[in-house]
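Participant: Next come a sequence and a model predicted from it.
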Amino acid sequence: MDLNLVPLLPEIFLAISAMGLLLVGANFGNESTKVISWYAALAAFVAIMITLNVPSDEEAVLNGLFKLDLFASVMKIIILIGVIASISLSVRYLIQQGIARFEYPILILLSAVGMMVMVSANNMLSLYVGLELQSLALYVLAAFNRNSLKSSEAGIKYFILGALSSGFLLFGISLIYGFTGTIDFEVIQNTLMATETIGFGVTFGLVFILAGLAFKVSAVPFHMWTPDVYQGAPTCVTAFFAMVPKIAAMGLLMRLLFEPFGIMADQWGQIVYFLAVASMIVGAFAAIAQDNIKRLLAYSSIGNMGYVLIGIVAGNEVGASAVMLYLFIYMIMTAGVFAVVLCMRRNDHVLENISDLSGLSRHNPALAYGMAILMFSMAGIPPFAGFFGKLAIFNAAVEAELYVLAVVGVLTSVIGAYYYLRIIKVMFFDEPVDAYDSGFPLARKIVLTLSVLFIVGFIIKPGVVLNAMQAAASSLFVG
Amino acid sequence: MIEFSLLSIMTFLPLAGCLIILMIRGDEETVGKNAKYMALYTSLFTLAFAVYMVIRFEPLDDGFQFVEHSGWLKTFGINYHMGVDGISVLFVLLATFLTPICILSAWSSIKTRVKEFMIAFLVLESFMIGTFCALDTILFYTFFEGVLIPMFLIIGVWGGKRRVYASYKFFLYTLLGSVLMLVAILTLYAQVGSTDIPTLMANPVSPEIQKWLWIAFFASFAVKMPMWPVHTWLPDAHVEAPTAGSVILAGVLLKMGGYGFLRFSLPLFPDATAFFTDFVYWLSVIAIIYTSLVALVQTDMKKLIAYSSVAHMGYVTLGIFTATVVGVEGAVYQMLSHGLISGALFLCVGVVYDRLHTREIARYGGVVKNMPKYATVFMIFMLGSVGLPGTSGFVGEFLVLLAAFKVNTTIAFLAASGLVLGAAYMLVLYRKVVFGPTEHSDAASMQDLNPREFWLLAPLVVLVIYFGVFPSAITSITSPAIEKLVSNYNAHLAASAEAVDTPLQPLENEGH
C-alpha cells in the first residue's frame, strides 16, 4: 500500500479551502459573499502555486487511481486560471442581480476539485467521481438564480440531460469492466494490447463512454442543452460554463482515448471524426440565426469544440498539444468576451441581445475595441492568438492526413467569421443607442485587459505557451 | 545596426506610430488634428526608410537582401524570416509611397473618428510592408490575412451607404480564398518539413500534390487579384470605401495577389503552373474583355475604375503565366504602374466627390471650364490607364502583349482588343465628366484643385510620366530577380520532363 498524497496536494488544499469557506459563510451569511469570493480566488491561486511545485510523475498513486503527470499539471493550471477569472467576473454581477449567496464561490471551487480529479483520473472510478463532483456543482450553479424561471429551467434541463449522460457513461464503464475485467486505465491498456482482436463488447462500451463525454463537451449531436443552459443561467455562470468545464472534459477525453484506448484509435477515430465535423457545421450555421449573445456564444463554443476534436482525431502528440493550446487560448478569449457581456446593462437591466451592443464604439471605445479584437481572434484572423490556435489544430489535421477535416474546419471558420463580424458590425457600424450603466468593476476591467493583452501579445513570444503545451502533450504519449 | 533590421523597422514603425496616436488625449478636434499629423509623419518616416532601402538595394544581386532571421514559433520550427528581392522591393516602396498620399487625401474628407482612421491606416501599412517582406509562409499568411482587419473597418466605418454589405463581402470573399491557402501551406509543411520560402523553393513537391496546392494558392490570390469570376467583391468594396481606402485597395492590396503568384505559384509549383497555364490565360482574357465591356456601361465613376482595375489585372496574370522574362517583367511593371495610376484615378474621383458628393457620371460635365488644373491632371492619368506611350501604363501592357504573342497568338490577339475597349471607356468617362455641356450649375461652379490636392497628385504625375519614359528605372531593379525566377522555373520543368522518362523516385520527406 502506498499512501503518497503529495500529488493530490492541490486538490486536498482546494477541497479544505472550500470546506473552510463554507463554515465562514455559514457563520456570517450572505453578506460575506464578496470576501469569500476573493478568498476562493486566492485559494485557486495558491492551488496553482502548489501544482507548479508538486513534481509531476508518470507513476500513478493511490493504487493507480490518480496520476499527476505533466499533462495533468498543465491542464490543472489552465482550469484554475479559468476559475480565478470566472470568480473575478462574478462578484459584482451577483450583487447587482441580488443573488449574491456565499455558496457560489464554494460551488465553483468544488467543481474545480472535480475537474482536477478528472484530468488526473487513471481509473474509471476516479473518472466517474471527479466527473460527478464537478457536474453536481454545475447543476446547482445553472439554477443559481432560483427566482428566475429561466435559470431554474436551465438547471433542470442540465441536470436531467447530465444524469442521462452519466448513465450512458456508467453503462459504458460497466461494459468495459465486463469485457476487460478491470477499471484501471493501465491494465485496460495492457489487456487491450494483449488481445489480438478487440471484442465487440469493448467497442460498445467505448461508444457509450464517448456518448457520455460528448455530452459534457457539448459535441453535436449531444449539444442540445448548451444554448438553453447558456441562455438561462446567470451570465456569470454562463461565463464559467463556457470557460472551464469543457477543458476538464476534453482533458479527460484525451487521457481516456490516448492512454487506455490508444490502441482502438481506428474505432474511436471514426466517432470523434463525426462529432468534430457535425459540431463545426452546426456551430457555424446555427449561430448565424441567433439574436441573443449568450446563445450565439453557446453555438460558437459548440463549433470551437469541433475544432478541438480535430486535434483528438489526429491522435498524436502534435494533435494533443494543439488541443491544449486551442483550449487555453479559447478560454482566455472567452474570459474577455464575457467580461464585456457582463458589462451590458442599462437602467439596472441585464441586456442580452446582440443589437444592444449598437454603437458601443461611441460610448465606450475601450470596451468596443477589446471586444473587436477578441472577435477577430475568435474568427481566427491573424495576428491574434486565436489564429495560432487554429493553425496548430489544422496543422495537426494536415499532418495526420485528415484533409477533409482541415478543409471543413477552414470553411466553417469562414462561416464563423460571419457572425463574429456581425458583433463588430453592430458595435462599430450601427447607430449608437443609450450608453450602458457606468462604473464597471475593476476586476472585470483587469480580466478584459489581461485577456486582450494576451491575445494581441501572443504573437510576440508564442514559445512560452507552446513549449509548455508540447511538453505536456508528450507526457501523454510516454507509456 | 540599421542594416541589420531595416525591414523590421519599416514594418513596425507604423505600429509604433499607432501606439503614440493612441496616447493622444484631449477633445475630439485636437486629437484628430494631432493624429493626422502623427500618422503623416510616421508614414513619411517609413517612406524615408523605404527610399533608403531601395538606394541600398543591390540590383545585380538576384537573391534576397536585408535578410533577417530569428526564432519565432520554435516548436514548429517556424522562423521570423524577412527579406526582399528585386520583385518585392518596389512593392514595399509602392506601399510606403501611397500611404502618406492616402493620409493626406483623407485630411479633410474624413471628419468622424479621425484618430481611429489614422490608426487603421498605419496598421494597414505595417501589414502591407510585412506581406511583401515575409520570407516564411506562415509569417506571410499572418500579414496577408491581417490586412483584412483594418480594411474591413475602413470600408465599414467610413464607407458609403452600402458599406456594411461591401465590407462583409470584401472580408468573407478574401477570407474564403485565404483559408484554403492556409491548408495548402500546412500541407507543404507536412511534406517538406519547413515553412521557409527559400527552403520550399529548393525542395519542390511531387507534381500530383503540386496541382492541389496550386489550386489552393490560386483560390487565395485569384480572389485578391481579383480575377474573373471572383472579382465581384471589388466593385462593391471600391464604391463604398472612402477615397483613401479605394486608393490603397487598388494601389497595393490587389498587387498582393500578383505578388503571391510570383512568390509562390511559379517557384513552388512549376509543374502545376505549366499544367494550368491555359486555364489562367483564358480567365485573364475573359477578365480583360468582359470587365472592359462592363466598365463601358457604368454610370458610377468609381465602379468604372474598379472594373478597369480587374481588366488591368488580367494583363498581369497573363504576363505572369507566360512564364517568360518579358512577360513577368511586363506584369510587374503593370502592377507598379497600375498602383500609381489607379490610385491617382481614385484620388481624382475623390477630388470631385468631396465637392459634389456624388459619383454619378451624369451629374458632372463641363468641369474643364472651372477646373483646368484638375482636367489636365485627370487627363494624364486617364491616358496612363489607356496605356498611351510615354506613360507608365504603356510599358507594362506592351511587354505583356509581346510575351503573350510569342506563346499564344489567339490569346494575345484577344488581350490586345482589350486595349481598344480600355481606351473607349476611359475616353468616354473623361469626355462626360470633363468636357461636354455644363448641365448642372453646381458641377460647373466647383473650385479647382487646392494646394493640398495639387501636391498630392503632383508626385504621381511625375512618376507616371517618368516611368513611361525611363522604364529601365524599374526594370534594372526587377530584371535579375525575374530572370532567376524564370530560369529556375524552366530548369525545373526540364528536369521534370526528364524525370518522366526515368523511373519515379520515392518522395523524400525531410524533417520527419
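Facilitator: Sure thing, it's come through.
Participant: contacts and neighbour counts: CA atoms only from here.
Facilitator: Will do.
Participant: quick one, helices of the stretch 301-450 of chain A?
Facilitator: A:317-342, A:360-363, A:365-378, A:385-399, A:403-428, A:442-457 (DSSP state H, counting those that start in this stretch).
Participant: lowest average confidence, helix or strand, in the chain?
Facilitator: Using chain A. Within chain A, no helix or strand scores below strand A:60-61, which has a mean of 82 by mean pLDDT, DSSP states H and E.
Participant: The chain in question should be chain B.
Facilitator: For chain B, counting by mean pLDDT, DSSP H and E, that's helix B:441-444 with a mean of 75.
Participant: what's in contact with the next helix or strand after that one?
Facilitator: Next along the chain after helix B:441-444, taking DSSP states H and E as the criterion, comes helix B:451-469. Contact with helix B:451-469 is made by B:101, B:104-105, B:337, B:340-341, B:344, B:347, B:351, B:377, B:380-381, B:384, B:389-395, B:473-474, as judged by CA atoms under 8 Å, 6 or more residues apart in numbering or on different chains.
Participant: Which members of these are positioned in helices?
Facilitator: B:101, B:104-105, B:337, B:340-341, B:344, B:347, B:351, B:377, B:380-381, B:384, B:392-395, B:473-474 (DSSP state H).
Participant: what's the helix of greatest length in chain A packed up against?
Facilitator: Longest helix in chain A, counting residues (DSSP H): helix A:149-180. Applying 3 or more CA pairs under 8 Å, 6 or more residues apart in numbering or on different chains; DSSP states H and E, one finds that helix A:149-180 contacts helix A:124-142, helix A:185-194, helix A:200-216, helix A:225-232.
Participant: A:Met333 touches A:Val456, doesn't it?
Facilitator: No: the criterion here is CA atoms under 8 Å, and A:Met333 misses it with A:Val456 at 10.8 Å.
Participant: okay, the two: which has more neighbours?
Facilitator: A:Met333 (27 against 18; other CA atoms under 10 Å in any protein chain shown).
Participant: Quick check: buried residues in the lengthiest strand in chain B?
Facilitator: The longest strand of chain B (DSSP state E) is strand B:65-73. By neighbour count on 16 or more other CA atoms under 10 Å in any protein chain shown, the buried set for strand B:65-73 is B:Gln65, B:Phe66, B:Val67, B:Glu68, B:Trp72, B:Leu73.
Participant: would TSV of those with pLDDT and distance to B:Thr478 be doable?
Facilitator: Below are the buried residues of strand B:65-73 laid out as TSV (pLDDT from 0 to 100; distance: CA to CA, whole Å):
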residue	pLDDT	distance to B:Thr478
B:Gln65	85	13
B:Phe66	87	16
B:Val67	85	18
B:Glu68	86	21
B:Trp72	84	30
B:Leu73	81	32
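Participant: ok, so of those, who is nearest A:Leu391?
Facilitator: Checking those against A:Leu391 with CA to CA, the nearest one is B:Leu73 at 11.4 Å.
Participant: Verify the stated contact: that closest one with A:Gly463.
Facilitator: Yes: with contact defined as CA under 8 Å, B:Leu73 reaches A:Gly463; the gap is 5.9 Å.
Participant: ok, back up a step: arrange the helices of the stretch 301-450 of chain A in CSV, one row each, with mean pLDDT as further columns.
Facilitator: Compiled in CSV, the helices of the stretch 301-450 of chain A are given as follows (pLDDT from 0 to 100):
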stretch, mean pLDDT
helix A:317-342, 93
helix A:360-363, 85
helix A:365-378, 91
helix A:385-399, 92
helix A:403-428, 91
helix A:442-457, 93
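Participant: With A:Asp69 as the reference, name the closest of those helices.
Facilitator: helix A:317-342 (14.4 Å).
Participant: The residue lying closest to A:Val318 once chain neighbours are set aside: neighbouring residues, count only.
Facilitator: For A:Val318, the nearest residue in space outside its immediate sequence neighbours is A:Ala396; the separation is 5.6 Å by CA to CA, 6 or more residues apart in numbering or on different chains. Counted with other CA under 10 Å, the neighbours of A:Ala396 add up to 29.
Participant: give the contact list for A:Ala396.
Facilitator: Residues counted as contacts of A:Ala396 (CA under 8 Å, 6+ apart) are A:Ile310, A:Gly311, A:Ala314, A:Val318, A:Gly319, A:Ala322.
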